[in-house]
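[1] can you look at this prediction? I've put the sequence above it.
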Amino acid sequence: MDRLTVVDEIFLRTHRGMGTPIALQGLWRTPDTMGPALLRQIHHELSHGPLGRRVVRVRVPGARRAWQPTVRAHPLDYLAADADRAPLREGEILPWADTLGADLDPEFFPGWRLSAAPLADGGTVVALTCSHALADARGLIHAVALALRSLNGTPTEHASTAVASTARDQRRERSADEARSDWADARTQWATVLGGTARALRNGVPRPPETIVPAAAPGRTVRSSLLAFDAGRWDSVAAEAGGTPNSLFIYLVANILWENGFGADTITASLPVDTRDEPRVDNDLAVTEIRIYRADTPETIRVKARDAYLRRMSAPAGLPEEILQVLPDRLAYKLSKGAGERDILCSNIGTMPDALRTVGPHECTRVAARAIHPGITDFPRTRLSGYLSRLADTYTLALVSLDTHESLTAAADLVLSKAGLSAEPW
């Protein structure tokens with residue numbers, strides 16, 4: 001039986017008002033019209049793939065919540081061409097996509113939604129939005145790749161076997177084998193927590209990690225941007241500066257924040273690290289951090305990031321991270337509140353699989369991955385998040401600002417110009 005990880009449960013708690021609301025979103029564009037029939041096929045493949053699962057609570061104290069296969073999903077959300085808002089013009093794509101994160105709770109609602117809209121230029125934009133509890137960015141991409149490969153006739157392995165029969169089984173009580181599995185999981189969890197806590201206490205009473213509580217700042221809101229770059233030019237600019245494509249990415253996000261009005265001379269960057277050893281749909285990630293100064297360059301950031309990737313942010317107060325899964329949710333939230341939040345988030349998602357280059361007979365000219373924050377009211381420490389991905393010869397930089405300033409586009413343009421880069425419309 002698949003169990004939720006510590007990271008899964010941190011994101012699941014955001015659906016209960018404990019943490020910053022967050023959903024992941026993949027976007028792709030085709031230059032021609034994609035019909036509803038093809039979209040329904042994609043929706044079917046996704047619902048029978050690794051995203052087709054829901055959270056099940058267990059009754060044994062200490063046992064982790066479990067993942068159970070399901071084919072239940074939000075219906076295809078197609079913005080028909082005769083609707084009031086369609087077709088979408090260039091500047092309307094992100095405002096439309098920003099609205100797609102409601103009711104994505106893998107415990108009480110379906111955890112994902114497939115949406116599409118026609119574009120004024122004759123093309124189509126498709127959005128797959130899912131709860132961060134269900135998958136991280138690489139996991140979301142893996143789920144899409146599996147669906148598209150299956151659509152194109154390539155044999156794939158779904159996340160579970162006999163999904164349809166499993167759906168029938170959901171109406172039955174959990175089996176004795178599952179109950180025994182819950183007790184075994186609880187014993188393992190408690191042994192890990194008690195043993196790890198005892199070892200931590202040998203060095204004194206652990207202190208909770210210091211977190212910076214953001215000062216109330218009226219007027220903070222979410223602003224988004226998608227920028228496309230020639231990959232060859234991006235790589236050459238990075239090399240000329242003594243850096244890598246990743247360190248150039250971090251450098252740009254930090255300097256865009258400064259240009260957008262951030263007053264401190266030091267920016268702390270949160271850097272997610274993909275820890276999976278094989279493709280799968282899980283929150284298989286850790287987080288590290290670096291401090292960036294105004295004098296830093298892509299070269300110095302490369303060195304800092306290389307060293308940072310060798311370490312990870314520790315569990316709360318030096319205790320085993322599994323303690324967050326045996327405590328009540330609100331206490332676990334208090335222990336982990338603000339974990340991973342820094343001034344900026346720089347998530348390098350990497351190269352998209354070739355399967356995302358086409359959707360059936362349609363070529364994908366642009367693909368992007370990012371996070372959105374549906375219904376956010378209490379803002380985190382993070383002021384600017386950047387998500388970098390590559391498809392074929394194009395890098396896409398998604399920027400999500402959580403700040404008071406309205407100059408994100410102007411700030412990005414200025415920083416990119418100074419770096420010798422020019423962005424193309426996404």
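    Sure thing, it's come through.
[2] would you list every one of the strands in the stretch 251-400 of the chain?
    266-274, 285-293, 344-351, 358-359, 362-363, 366-372, 384-391, 394-403 (DSSP state E, counting those that start in this stretch).
[3] quick check: buried residues in the second one?
    Taking 16 or more other CB atoms under 10 Å as the basis for neighbour counts, the residues of strand 285-293 that come out buried are Leu285, Val287, Thr288, Glu289, Ile290, Ile292. Any C-beta I mention is one placed from the backbone N, CA and C, and that applies to glycine too.
[4] low pLDDT regions in the chain?
    Along the chain, the model assigns pLDDT under 70 to residues 1, 81-83, 154-180, 205-217, 314-317.
[5] longest helix of it, counting residues only.
    helix 176-201 (DSSP state H).
[6] now the angle between strand 384-391 and the helix or strand following that helix, please.
    Using DSSP states H and E, the helix or strand that follows helix 176-201 towards the C-terminus is strand 221-230. Orientation of strand 221-230 against strand 384-391 (axes from the mean of the first three to the mean of the last three CA atoms, to 10 degrees) gives an angle of 30 degrees.
[7] surely Thr33 touches Pro118?
    Yes - contact criterion CB atoms under 8 Å: Thr33 and Pro118 qualify, at 6.3 Å.
[8] between those two, who's got more neighbours?
    Applying other CB atoms under 10 Å to Thr33 and Pro118 shows that Pro118 carries more neighbours, namely 20 against 14.
[9] and that one, how far is that from Trp28?
    In this view, Pro118 and Trp28 are 14 Å apart by CB to CB, to the nearest Å.
[10] the longest helix of the chain: which residues count as buried?
    So for helix 176-201, counting by 16+ other CB under 10 Å, buried means Ser181, Asp182, Asp185, Ala186, Gln189, Thr192, Val193, Gly196, Thr197, Ala200.
[11] starting at the chain centroid, how far to stretch 403-420?
    For stretch 403-420, the separation from the chain centroid amounts to 23 Å (computed by CA atoms, centre = their mean, to the nearest Å).
[12] pull out the buried positions in it.
    Of the residues in stretch 403-420, Asp403, His405, Ser407, Leu408, Ala411, Ala412, Asp413, Val415, Leu416, Ala419 count as buried by neighbour count, 16+ other CB under 10 Å.
[13] go on, stretch 12-22?
    Buried-residue list, stretch 12-22, by 16+ other CB under 10 Å: Leu12, Arg13, Thr14, His15, Met18, Gly19, Thr20, Pro21, Ile22.
[14] now flag whichever of those is closest to Pro218.
    Comparing the buried residues of stretch 12-22 against Pro218 with CB to CB places Thr20 closest, at 17.8 Å.
[15] ok, the closest one - contacts?
    Thr14, Glu341, His373, Ile376, Asp378, Phe379, Pro380, Thr382 (CB atoms under 8 Å, 6 or more residues apart in numbering).
[16] could you do Glu299 as well?
    Ala241, Gly242, Gly243, Ser247.
[17] how near is it to Val273?
    21 Å.
[18] before we move on, back to that, show me which of the contacts of Glu299 are buried.
    Ala241, Gly243, Ser247.
[19] tell me the one of the residues you listed nearest Ala37?
    Of all these, Ala37 sits closest to Ser247, with 44.6 Å by CB to CB.
[20] and that closest one, what helix or strand is that in?
    Going by DSSP H and E, Ser247 is part of helix 245-259.
[21] so what does that helix touch, helix or strand wise?
    helix 231-240, strand 266-274, strand 285-293, helix 298-308, strand 344-351, strand 384-391, strand 394-403, helix 408-419 (3 or more CB pairs under 8 Å, 6 or more residues apart in numbering; DSSP states H and E).
[22] TSV please, covering those and showing distance to Glu259.
    TSV is the format used below for the helices and strands packed on helix 245-259 (distance: least, CB to CB, whole Å):
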stretch	distance to Glu259
helix 231-240	17
strand 266-274	12
strand 285-293	14
helix 298-308	16
strand 344-351	13
strand 384-391	10
strand 394-403	12
helix 408-419	4
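[23] out of these, which is closest to Leu4?
    Using CB to CB, those put strand 285-293 closest to Leu4, at 14.2 Å.
[24] which strands and helices sit next to the closest one?
    Against strand 285-293 (3+ CB pairs under 8 Å, 6+ apart) you get helix 245-259, strand 266-274, helix 298-308.
[25] one more pass at 6 Å, please.
    Contact analysis of strand 285-293 by 3 or more CB pairs under 6 Å, 6 or more residues apart in numbering; DSSP states H and E lists strand 266-274, helix 298-308 as its packing neighbours.
[26] export the shortest one to PDB, keeping only CA atoms.
    Put plainly, it is strand 266-274. Extracted C-alpha coordinates of strand 266-274, given in PDB (Å, rounded to 0.1, in the frame of the first residue of the first chain):
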ATOM      1  CA  THR A 266      21.000  39.800   0.900                       C
ATOM      2  CA  ILE A 267      18.500  37.400  -0.600                       C
ATOM      3  CA  THR A 268      18.000  33.900   0.700                       C
ATOM      4  CA  ALA A 269      17.000  31.500  -2.000                       C
ATOM      5  CA  SER A 270      15.200  28.200  -1.500                       C
ATOM      6  CA  LEU A 271      16.300  25.600  -4.000                       C
ATOM      7  CA  PRO A 272      14.200  22.400  -4.400                       C
ATOM      8  CA  VAL A 273      16.200  19.200  -5.200                       C
ATOM      9  CA  ASP A 274      14.700  16.300  -7.100                       C
END
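[27] which residues sit against it?
    138, 250, 254, 285-293, 309, 340, 342-347 (CB atoms under 6 Å, 6 or more residues apart in numbering).
[28] ok, now with 8 Å
    Counting by CB under 8 Å, 6+ apart, 136, 138, 250, 253-254, 257-258, 284-293, 305, 308-309, 312, 340-347, 350, 382 sit against strand 266-274.
[29] rewinding a little: and the helices and strands packed on helix 245-259: which comes nearest Tyr333?
    Going by CB to CB, the one of these nearest Tyr333 is strand 285-293, 17.0 Å.
[30] distance of the residue of the chain positioned farthest from its centre relative to Leu324?
    Most distant residue from the mean C-alpha position of the chain: Arg202, 36.9 Å away (CA atoms, centre = their mean). Distance, Arg202 to Leu324, by CB to CB: 21 Å.
[31] can you show me the strands along the stretch 51-200 of the chain?
    Under DSSP E, counting those that start in this stretch, the stretch 51-200 of the chain gives strands at 53-56, 66-69, 77-78, 112-118, 124-131.
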